[in-house]
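Trainee: Would you be able to build a 3D model of this:
(one chain, ligands or ions: 1)
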Amino acid sequence: MSELTGGPPLLQVRRLSVHHGQLQALRGVSLSLPAGNVQAMIGANGAGKSTLLRTIAGLHRPTAGSILLDGSDLSRMRPERRVAAGIALVPEGRRLFPSLTLQENLLVGRTSARPGPWNLDRVYDLFGWMRDRRSQHAAQLSGGEQQAVAIGRALLSNPRVLLLDELSLGLAPVVVRRIYDLLPQLIASGLTILLVEQDVSQAMRVASWVHCLLEGRITLAGAPADLTPAQIEGAYFGIGTGNGNGNGAPDGTTAAASGRPGSEGTPGAIA
Ligand code: ATP
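Mentor: Modelled structure (predicted):
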């Protein structure tokens, strides 16, 4: 696994199950995210993608399974302690404070922050337009600008792992492209990224490894170059998979064509 995906895992999710009341949103999800990787989670509405990121960030409590950062179990840590350990979430919908200024929203990211290279100046250098507009209220910013502020806020916590939930939601394609063009710089600064994206082609462009989630299970995982459109379509919609439950391994990891059932991070496809 590690030679295929770039090194030992920085983040490991092991057989994670999460319920929202009676509804089981995740069913034994496992993944390994090596340091310096960008991995993407794709899947239809309601597949469980946001639940996965939010559970890693500590916003939902798993009913089973564990989450390890650099080998240490985070599963019982409160969200703010996970931020201090190096996990930062850019949530779906940005979640800025509209009545606070751009800079005040960024500074929210300093709460529970780790020491590290990211500070206001560095964020302003990354997003050239921000410095001059730091006193504007968040409500006055466009959707793309708000997304940039949400990313800047997460960077100010000096994360090791950045969780990006639906960056492209509601944004024009040109704006989305501009935001995704930043990822190589973020990786070069030492970050590791797990992103959720409904735009499959966007996910395939930026990620070195893609997981497809269907009804709470990973039904396909692999390097984009190794996955065919037919495989992705099948995994995404559950076509030919017995509603997505037949080809995932019993523990919810991927049944990969070239690996044993449940071998996480192995390039493969639904048979
Ligand atoms: P989307 O792209 O629509 O955000 P998703 O793949 O991110 O979908 P989740 O938001 O994780 O999916 O939702 C998975 C399932 O859990 C859905 O059936 C959703 O309705 C349900 N769900 C999510 N959050 C909650 C919650 N806080 N309370 C109850 N049910 C929830």
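Trainee: C-alpha only now, for contacts and for neighbours.
Mentor: OK.
Trainee: what's next to the host helix or strand of residue 125, contact-wise?
Mentor: For residue 125, the enclosing helix or strand under DSSP states H and E is helix 120-126. Here helix 120-126 makes contact (CA atoms under 8 Å, 6 or more residues apart in numbering) with 106-107, 130-131, 152, 155-156.
Trainee: Widest-spaced pair of those?
Mentor: Among the contacts of helix 120-126, the pair separated by the greatest distance (CA to CA) is 131 and 155, at 15.7 Å.
Trainee: Those two: who's more crowded?
Mentor: More crowded of residue 131 and residue 155, by other CA atoms under 10 Å: residue 155, with 29 against 15.
Trainee: Count residues in the vicinity of the closest residue to the more buried one other than its chain neighbours, would you?
Mentor: Nearest residue to residue 155, sequence neighbours excluded (CA to CA, 6 or more residues apart in numbering): residue 118, at 6.2 Å. Residue 118 has 20 neighbours, counted by other CA under 10 Å.
Trainee: just checking, residue 118 touches residue 153?
Mentor: No. Contact criterion CA atoms under 8 Å: residue 118 and residue 153 do not qualify, at 10.0 Å.
Trainee: Name the helix or strand for the residue of the stretch 101-250 of the chain found nearest the ligand, please.
Mentor: Nearest residue of the stretch 101-250 of the chain to the ligand (CA to the nearest ligand atom) works out as residue 198 at 6.7 Å. According to DSSP H and E, residue 198 maps onto no helix or strand at all.
Trainee: how about low-confidence regions in the stretch 151-271 of the chain?
Mentor: 240-271 (pLDDT under 70).
Trainee: residues from the chain in reach of the ligand?
Mentor: Proximity of the chain to the ligand is confined to 20, 25, 44-51 under the rule CA under 6 Å from any ligand atom.
Trainee: Just the buried ones among the residues you listed, please.
Mentor: Buried subset of the residues of the chain next to the ligand (neighbour count, 16 or more other CA atoms under 10 Å): 25, 44, 47-51.
Trainee: Please name whichever of those scores lowest on pLDDT.
Mentor: Here the lowest pLDDT out of those sits on residue 44, with 91.
Trainee: residues touching it, list them.
Mentor: For residue 44, the contacting residues are 198, 213-214, 236-237, by CA under 8 Å, 6+ apart.
Trainee: Would you mind putting those residues into JSON lines with neighbour count alongside?
Mentor: Below are those laid out as JSON lines (neighbours: other CA atoms under 10 Å):
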{"residue": "198", "neighbour count": "19"}
{"residue": "213", "neighbour count": "29"}
{"residue": "214", "neighbour count": "28"}
{"residue": "236", "neighbour count": "23"}
{"residue": "237", "neighbour count": "17"}
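Trainee: Whatever residue of the stretch 51-200 of the chain ends up closest to the ligand and residue 213, how far apart?
Mentor: Nearest to the ligand in the stretch 51-200 of the chain, going by CA to the nearest ligand atom, is residue 51, at a distance of 3.6 Å. Going from residue 51 to residue 213 by CA to CA, to the nearest Å gives 11 Å.
Trainee: what does residue 235 give?
Mentor: According to CA to CA, residue 235 stands 8 Å off from residue 213.
Trainee: hmm, back to that, which ones among the contacts of residue 44 map onto helices?
Mentor: Mapping these onto helices (DSSP state H) picks out 236-237.
Trainee: As a check, name the ranges of all strands in this protein.
Mentor: Per DSSP state E, the chain carries strands over the ranges 9-20, 23-34, 38-42, 64-69, 72-73, 87-90, 161-165, 192-196, 209-214, 217-222.
Trainee: Among these, show me which one is buried the most.
Mentor: Of these, the one with the most neighbours on average (mean count of other CA atoms under 10 Å) is strand 217-222, at a mean of 30.
Trainee: Sheet-wise, list the partners of it with their directions.
Mentor: Its sheet considered, strand 217-222 pairs with strand 209-214 (antiparallel) by DSSP bridges.
Trainee: Could the C-alpha coordinates of the partner strand be exported in PDB?
Mentor: Extracted as PDB, the C-alpha positions of strand 209-214 are listed here (Å, rounded to 0.1, in the frame of the first residue of the first chain):
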ATOM      1  CA  TRP A 209      -6.300   8.400  -5.000                       C
ATOM      2  CA  VAL A 210     -10.000   8.400  -5.200                       C
ATOM      3  CA  HIS A 211     -12.600   6.600  -3.100                       C
ATOM      4  CA  CYS A 212     -16.200   6.200  -4.100                       C
ATOM      5  CA  LEU A 213     -18.700   6.100  -1.300                       C
ATOM      6  CA  LEU A 214     -22.200   4.600  -1.700                       C
END
